Structures are given as C-alpha cells and as structure tokens.
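# fold the following, please.
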Amino acid sequence: MERALPVAMTPRTKALLEALKRQGRKNRADEWFRNSMFPDVGKEFPQEPVIVRTALASEAMLCAMTDERNSLHTGTYAIADGELIVGVLPMGSNGLGKVFPNYLTEDEKRAARITNRTELSLLGHNTADYDRLVRYGIRGILETCESKSAEIKAKQPLTEDDQNKLDFYRAVRIASEAVVEYAGRFADLARDKGRTESDLRRRAELAEIERICRKVPLEPADTFHEALQSIWFVHTALHASMNLISLGRLDQVLAPYLASTVEKGVYDPAKGVELFECFLIKAAWRLNYTTEYLVQQDHMDYNAALGVNPYYLDQRAGANNFLQNVIIGGLKPDGSDATNDCTFVILRAYRNVNLPTPGIYVRMGSSSPENLKFAVAESLHETGNNPSILNDDVLIPALYRAFCEGEDPTDRARLAELKAVVNDYCVDGCWEPILNGKSDWTFGMINGMTILECSLNKGATLDNNPGTLRGGKLSYSSGEIASYGALRESLRGHLQFFVDQSAFGLYKYYMTDEYVVPCPLFSAFLGTCLERGRDKAWGGAEYNIGGTILTGVPNMVNTVCAMKKWVFDEGKYHLDDVLEAFRNNFVSPQTTNPASQRTYDAIRVDFATNSPLFGSNHPEANAVTRWILDDYFDAVMSSKSMADRIFLKKPATTEEEREVKRLRYIAGYFGESFQEKFGPQFNIKFTAGCGTFEQYPLQGAGIAASADRAAAAPLAPNFTPPPGTQINGIGNLLASFSGLGLDRLGAGVITDLCLDQSQNDPEVIRGIMEQFIANKGNMMTLAIGNSAVYQTIYELSWAASKMSDQTEAVRKLEEYSAINVRVGGWQAPFITMSLDQQENYINRPVTAGGGAR
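You can find the predicted model right below:
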C-alpha cells in the first residue's frame, strides 16, 4: 500500500503549511493569553473542592479560547481557508510555559510554596485513551459519571471517600461538557463562514465541518474525518488545560475508520493522507521559526514543570517542545503484528509535511514486516529525521520485567494481563516509555557526572570556589580512593544515595498533587480512573510508573576508563593531580611552575585521546559501561524496595508499623501508607533509564572538566558519544550495545545518531536500523546531517546574537528554517537552538562504519 499513497502534498495542505511557517516567523508574543482574559476561579469558588475548581478553570479556558475579542489577539477562534480539522491550540510549550486560569485560593498558594506546586505545576508526560473517545464519545463518559454518581448517592450515609468520588464525577462532567460546548462553537463558526462563502466547494466543506463538530466529540466517530476531529478537540482541550500529552498509537486507534475516509463505505487513501496532513499542521501551529521574540514570550514560572523543587531548564531548547508524539507499528496486546494500512498513511503524511512536531516514533523489532522496514528507511532518507525507532525486542522485556516486580509468579492470568499491557506500550511527548492510555508517569533525573565527582572527592563536587574548601557537599563523606575497586565501590554507594533521593521523591507527587493539580478531564481518558471514581492524582490509574533517568553516562564511562588506565593500571598520574586538573579546567593555578601546567596538559591529552571511549566497542569501555549500568539498575531496584516499605504498604505488625512510621516521618511524610489511602491495588512500578533530554548544555554547566569535555561544557547528549569522539562510526557504537543489558531499562535509553549526508542512502539507513535492533539497542533517533551547513547556521546565529538589530541575520537564517534536528526526545528547527546546542551538533555527523551497510 505504501507505494500507492500520494508522494506530494495537495495544494490545500501546501497552503496551510506555508501559512504555518509564515506565522512562525512573526512575533507571536501577542498570541499568548493574558490573565485578564480569565475569571479567578479560586476567588469566585473558594468553597468548591480543588478538583471541581480545576474543571471550572478548564471550562473558563475553553470559553476564553472561543471569545471573539480574545481571538483578535490569540487567533484561537478561527477557521483558516481550506483547513479541514478545526480548533486552535493556545500558545504554550515546555520551554516557554503556560497560561491558565487560577483556581487555587490564596491560602492554598501560600501553603504550596514549601513544595513549589501551584496551578501551573501540571506537566502531562502521558497519553490518553483516544480509542475510548472515538468508540463511545464523550456521551459515554457522561453516562458513566451519571450512573456511578447515582450508585454512590444511593448509599447512606456517605463516607469521605464517597464524597470525593462524587466531586470527581462532577468535575469530569463539567470539563467534558465544556469540550462539547467548545466543539459546538466551532460548528457555529463553520456555519457562519459557510453563509458568506462564495466558492461552492468550500461551502460544502464548511457544511461538513459543521456537521462533524455537532456530532463529535459528544458522539462516537464513524469516519476517519470524524475520528481525527474528535481526537483533535480533546487533545486541544487537554493541552489548553496544561496536560501536555502525547497522541499515542494513532494507527491503532484510527485503523477501523480509515476505510471510511469521506463517508461510510468509501475508501480513499489519498484523502486519508490529506486529512492527516491537516491534523499534523494543526498540531504544529505553535511553532516558532525564529528566536528573535522568545524573551517576549517567556511565560515560564518557578513552579511550571517537574518535581517539588524549582525547575531550572534550558528554556530556549524547549521553546518548540510541546510534548506530543505519534507512535506507529509494533505489536498488538495479543502479541501479533500491529502494522496496518493506517501505519503507512500516517508515515506518508509525515514524509510530506516534514515538520518538527508532532514527533513520530515507529515500534520495530526483529519480526517487523519488510514493507515497514522499507518505508521507514525511505522516510528517513527523504525527511532526514523522521521517524525515530523503538526496539520492541528490548523495551517490551524491560517493561514486562518492571511490571512483574512484586507480582505473584504463579498467577498466570495476572502475568498474561501485564504482558498484554506492555505489548501495547507507547512513549510520552518526549521518549519515556509508558502504557498506552493506561498509566500515570512521573520521573526524576540524576546527574551522573555530579555522582562521579562525589565518588572521587569524598562526597563533594569539584567546585573551585575556595569558600567550599574541597567542593560542594552534595553527598555523604566517603573515604579515599586508593584503587580501581575502591572507585567502583564508592561510585556504587553514591549512585544509591542520589537514586534514593530521586526515587523517594517520586512519592511526593502523590503527597501533594491531589490538592494542587488534579486533572479530571485527562483522568476521564486514563485507564481505570473513571471506573474507580478517582483522579489520577488520587491513585485512580491502575498502573503508575516512576522513572529515574541517569544523565551523562557516556561522560562517566570515558572518565572512569581514563582513570583506570592512567591512574590505577599504569600509575602515570596521581589521583589528586587528576582531580585538581579537572577542578581547574586543566589550567594550573601555579603560574610560576611550568611543570605543573605540563602535567595538566599531559593529563588532558591522555584522558581525551589515548583512553578507551564510550561507543567505540572497546572491551574496556564496554565493561565499564556495563558495570555502571549494573550498579545503577541495582540501586533503582533497592530504592523501590525501601520506598515501598516506607510509603506504599501497610505494615504487617505493630512493631513494623512503629519502625515504618519513624522512617516515614524522617522522610517528611506523616500520612498513612499509599495502599491504605488509595486502595490495595495502588502501586508505583519503578523503571530506570539513561538520557539527558535537551538539557545536556545546562546539565554540564556546573560540572568540572572531565576526560572528554572542558569545565561547564555540555554533557554527552542522551546515550550517545560526545560529538567528535565517535571515531569508529555508527556501526561500532551499535555493536557495543549487545552486552549492556539494555533490556532491563524500561524508562528508556535513547541514542541520538547523526549520519553524514554523504551516506544518505535507504540501504545504509536500513542497515543501521537492523544493526540497532539486532544488537539490542533500546531507542534510537537518526538525523541526516551536514557539518558544513551546521557550521554556517551556527556562525549566522552567533553573529545575530551580537547585533543590536537582528533583522538581516534573521532574514539569512530563514533560508535554513526547514532543517530540523533532534533535541532530546523531540525535534526543533536548527536555527532556533541555543548556540551551545548548535555548536554541539557541528561534529555529530559520522559515517555508518563498523559493519553497517
């Protein structure tokens, strides 16, 4: 079927794409909502439960989005010429922040300052059950709310839990009905535009749009167009209410409707491609194609993203990150191949529009069909960056292992159930594996290079501030390192220390979120929340995943390998000299002692160029990578065991209860166990992963020099060799994966590859894909790059940063606006990346090498 699909965009979608790019080059600051456009729900309804106020705020947001006066600025109540999918996302992104009506009282906001959580703290990182939406419509959600509420009210007297459930169902109704009303207002707009439309064909299209908007999302979908529009309305409402979520496995959701692309019984794959192109263009509407106006659009608040501490991030890198991905291919829950006609329709639409968002991942494994492998290789060849690859042979076992932890190994029915849900996995809006519409995901990150510094320096960083003496004290005071074995033992201990901090912190989300950021609309489309009458923040999802992500692993490996060779095996350098060289960025403070500087220079050269390197398939580097991952994975599992004992489970005896309560109080939690609070079925499955997302420049900013980088330089991006160190080609990197046990790491291990443009051949690309799968790689992005072009863009961007008037530089950069590159788990126009990230990309393109075709 792939060969029969249209290989070019229609005039309609070409025009829509050009309009998107024109808008993205403008100053978009005026398109952002202002707080004055919303009511203050917290002040107006202080007596209502927080979850109801959240729903009222979502309703207020959707009303503001369809207010004609607001839309003169925001553009959120408009139907563009020629478009077939309607509804406009409000401005907002992971880097620029969000705007949403306040629904907390002043006292709640003041109390929340200790945890840095407010109404802006919700971050999606999930995916909704859109199959439920298109099958049953929002009417099905409303009917469930009514029947469940009636059952509860029939019970007398009502318990506190009963009242919480009634509040939940009322909140779901308010938010769901607001989405239906939102769709109705677009039906009215289509009707009004149709009355003044002179072109008869467009008038008929507007009439069809009106009909669809009056039907969905309230009712089930019957056609491909209806299904896409229904999903788009709910996706828009979720993103507007701060749930920045992924789109999930759309080829599985939409496949039954593809045969009805226009009307019942009519099959038109070309129309299906055009409709999906329209869908993708809508999803990409918030893109900024220039950095000239980003400061004016900075709406990031101190509490706007992850964790219970202020979230510092590289905002420019995330300016075009909207946390929305589409996943295709893979397996069905029963284990059979999931590839279908819609898989190829979606892939073809991506090839045609070639936008940086939404991202697209294809699930592949050793048994994937040949036509899918061919289509993916052709798409990467043509687009230079789409799609990214998820290795089912690795990720399914990793997730299954995580979900089987703590389960009864003799309960075959339960194990079969778990296998089915992990077979249906997808990823969120970045790259973290989650369950498709069934799991609530949260995570913490730990910096591997900070951990290594503390391991080498008795619990302190290699800070050269004299006020901190030997360095910043971030971990426990460990002993002297006298041998390579002592180094490993120290690193193991400090890994456990930092993993404990992160893993125990995962439970803090559930300690505060039910009172701060419940999300009733999303919970209506998440697993068992609706049936249980519990928001996801109240433990409503049957499956909860807490991921820990270790950053900087390639830098850790390179530095440990160099330490082993030059300090412990050959004894050429003393450890203290190496640490001082790192601390001082290889510049000796002893200006009158040339020998000291010569020692520093020798250390720098030997460590950087004469040592085993991560990803080179050198046996020593592979062995070090393996034991770091072993110790890291063991630390996560140990943290899981202790966290469950402290927070999750009800103590079995009075003596154990006294001990557990004491530990719980020490950890800062004074409530009952989570299974007592949310029910015996509640659990958080821990997963481990490795990567940096887009934060590798920021994550390296506070780190001393190391074997492969200068002080404050970026860390290696994700699980990839630092640029310039991948000397043996892509093939050797992939070969090094085979013995690392990446099928344990269910939180994802993503490798960003950049193939030199000179080898942009479908057969070479296919060879890379097959080698990645065969060698048990976990996740892979592949860009086709050109160092000379990257260098030119970097120089233009650098010049623009120095100019008071950037107009001419911006005009020159526009020539390169179609070049997209991977940034963490998503893509961005290369011209919008920070200078650090652009410079990091210049040396990334390499040849296949090492056995790849």
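# against the centre of this protein, work out the most remote residue.
Most distant residue from the mean C-alpha position of the chain: T592, 50.6 Å away (CA atoms, centre = their mean).
# where do the strands sit along this protein?
Remark: strands assigned in the chain by DSSP state E are 325-329, 359-364, 388-391, 425-427, 433-435, 439-447, 543-551, 685-690, 748-756, 779-785, 820-823, 826-829.
# got JSON lines for those, with mean neighbour count, distance to T66 and mean pLDDT too?
Yep, even glycine has a C-beta here, placed from its N, CA and C like the rest. Formatted as JSON lines, those follow (neighbours: other CB atoms under 10 Å; distance: least, CB to CB, whole Å; pLDDT from 0 to 100):
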{"stretch": "strand 325-329", "mean neighbour count": "27", "distance to T66": "26", "mean pLDDT": "97"}
{"stretch": "strand 359-364", "mean neighbour count": "26", "distance to T66": "28", "mean pLDDT": "97"}
{"stretch": "strand 388-391", "mean neighbour count": "26", "distance to T66": "35", "mean pLDDT": "97"}
{"stretch": "strand 425-427", "mean neighbour count": "26", "distance to T66": "31", "mean pLDDT": "97"}
{"stretch": "strand 433-435", "mean neighbour count": "27", "distance to T66": "31", "mean pLDDT": "96"}
{"stretch": "strand 439-447", "mean neighbour count": "23", "distance to T66": "30", "mean pLDDT": "91"}
{"stretch": "strand 543-551", "mean neighbour count": "26", "distance to T66": "35", "mean pLDDT": "94"}
{"stretch": "strand 685-690", "mean neighbour count": "26", "distance to T66": "40", "mean pLDDT": "96"}
{"stretch": "strand 748-756", "mean neighbour count": "26", "distance to T66": "38", "mean pLDDT": "96"}
{"stretch": "strand 779-785", "mean neighbour count": "25", "distance to T66": "37", "mean pLDDT": "96"}
{"stretch": "strand 820-823", "mean neighbour count": "26", "distance to T66": "32", "mean pLDDT": "86"}
{"stretch": "strand 826-829", "mean neighbour count": "25", "distance to T66": "29", "mean pLDDT": "88"}
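# export the ones you listed to JSON lines and tack on distance to A227?
Formatted as JSON lines, these follow (distance: least, CB to CB, whole Å):
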{"stretch": "strand 325-329", "distance to A227": "14"}
{"stretch": "strand 359-364", "distance to A227": "18"}
{"stretch": "strand 388-391", "distance to A227": "24"}
{"stretch": "strand 425-427", "distance to A227": "18"}
{"stretch": "strand 433-435", "distance to A227": "22"}
{"stretch": "strand 439-447", "distance to A227": "23"}
{"stretch": "strand 543-551", "distance to A227": "25"}
{"stretch": "strand 685-690", "distance to A227": "31"}
{"stretch": "strand 748-756", "distance to A227": "29"}
{"stretch": "strand 779-785", "distance to A227": "28"}
{"stretch": "strand 820-823", "distance to A227": "28"}
{"stretch": "strand 826-829", "distance to A227": "25"}
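# so for R534, which of the ones you listed sits nearest?
Set against R534 and scored by CB to CB, the strands of the chain come closest in strand 439-447, at 11.0 Å.
# nearest to R598, of the strands of the chain?
Per CB to CB, nearest to R598 of the strands of the chain: strand 439-447, 31.5 Å.
# quick one: contacts of that closest one?
Contacts to strand 439-447, defined as CB atoms under 8 Å, 6 or more residues apart in numbering, come from residues 125-126, 306-307, 428, 432, 434, 498-499, 501-503, 505-506, 509, 526-527, 536, 541, 543-552, 695, 699, 703, 715, 747.
# distance from stretch 636-645 to the middle of the chain?
24 Å (CA atoms, centre = their mean, to the nearest Å).
# dump it to PDB, keeping only the CA atoms.
Output of stretch 636-645 as PDB, limited to C-alpha atoms (Å, rounded to 0.1, in the frame of the first residue of the first chain):
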ATOM      1  CA  VAL A 636      16.900   1.700  41.500                       C
ATOM      2  CA  MET A 637      15.600  -1.700  42.500                       C
ATOM      3  CA  SER A 638      16.900  -1.200  46.000                       C
ATOM      4  CA  SER A 639      15.200   2.200  46.200                       C
ATOM      5  CA  LYS A 640      12.000   0.600  45.000                       C
ATOM      6  CA  SER A 641      12.100  -2.000  47.800                       C
ATOM      7  CA  MET A 642      12.700   0.600  50.500                       C
ATOM      8  CA  ALA A 643      10.300   3.100  49.100                       C
ATOM      9  CA  ASP A 644       7.500   0.500  49.100                       C
ATOM     10  CA  ARG A 645       8.300  -0.400  52.700                       C
END
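# okay, now the domains of the protein?
According to automatic domain parsing, the chain comprises the domains 439-701, 729-733+746-842.
# mind putting the ones you listed in a markdown table, distance to L142 included?
Shown next, in a markdown table, are these (distance: least, CB to CB, whole Å):
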| stretch | distance to L142 |
| --- | --- |
| domain 439-701 | 9 |
| domain 729-733+746-842 | 34 |
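# indicate which one of those domains is closest to V41.
Each of the domains of the chain has some distance to V41 by CB to CB; the shortest is domain 439-701, at 13.4 Å.
# how long is the closest one from one end to the other?
End-to-end distance for domain 439-701, by CA to CA, to the nearest Å: 34 Å.
# for the stretch 101-250 of the chain, give me the ranges with low pLDDT.
Counting by pLDDT under 70, the stretch 101-250 of the chain contains no low-confidence range.
# what ranges do the helices span in it?
Per DSSP state H, counting those that start in this stretch, the stretch 101-250 of the chain carries helices over the ranges 106-111, 130-153, 160-196, 200-215, 224-240, 250-258.
# could I get the buried residue list for the second one?
Neighbour-count burial for helix 130-153 flags 130-134, 137-138, 140-142, 144-145, 148-149, 152 (criterion: 16 or more other CB atoms under 10 Å).
# can you check the first one too?
Within helix 106-111, the residues that qualify as buried by neighbour count (16+ other CB under 10 Å) are 108-109.
# same thing with the longest one?
Of the residues in helix 160-196, those with enough neighbours to count as buried (16+ other CB under 10 Å) are 162, 164-180, 182-183, 185-187, 189-191, 193-194.
# which regions of this structure sit below the pLDDT cut-off?
1-3, 261-267, 303-312, 509, 511-513, 804-806, 850-853.
# all helices of the stretch 701-850 of the chain, in order?
729-735, 762-774, 787-802, 807-813, 835-842.
# just checking, what packs against the first one?
So that's helix 729-735. strand 748-756, helix 762-774 (3 or more CB pairs under 8 Å, 6 or more residues apart in numbering; DSSP states H and E).
# mind putting the ones you listed in CSV, distance to L5 included?
As requested, the helices and strands packed on helix 729-735 are exported to CSV (distance: least, CB to CB, whole Å):
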stretch, distance to L5
strand 748-756, 25
helix 762-774, 17
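# right, and those - which one's nearest Q324?
Comparison of those against Q324 by CB to CB identifies strand 748-756 as nearest, at 17.1 Å.
# can you list contacts of the closest one?
Under the contact criterion CB under 8 Å, 6+ apart, strand 748-756 has outside partners 395, 427, 431-433, 547, 549, 689-691, 717-720, 730, 733, 742, 764-765, 768, 772, 777-787, 822, 825, 841, 844-848.
# any idea how far I451 is from T461?
From T461 over to I451 the distance is 10 Å, taken as CB to CB, to the nearest Å.
# actually, E417.
With distances taken as CB to CB, E417 is found 37 Å from I451.
# who's more crowded, the two?
Neighbour count, other CB atoms under 10 Å: between E417 and I451, I451 has more, with 27 against 15.
# that one: what's it in contact with?
So I451 contacts 475, 491, 494-495, 498, 556 (CB under 8 Å, 6+ apart).
# in helices only, show me the residues you listed.
Among the contacts of I451, the residues falling in helices (DSSP state H) are 491, 494-495, 498, 556.
# nearest to A112, of the residues you listed?
F498 (25.8 Å).
# now that closest one. Nearest residue, chain neighbours left out?
The shortest distance from F498 to any non-neighbouring residue, by CB to CB, 6 or more residues apart in numbering, is to I446 (4.5 Å).
# likewise R25?
R25 sits nearest to Y289 (CB to CB, 6+ apart), 4.8 Å away.
# returning to what we had before: which of the contacts of I451 sits closest to F522?
Proximity of the contacts of I451 to F522 (CB to CB) peaks at F498, which lies at 30.8 Å.
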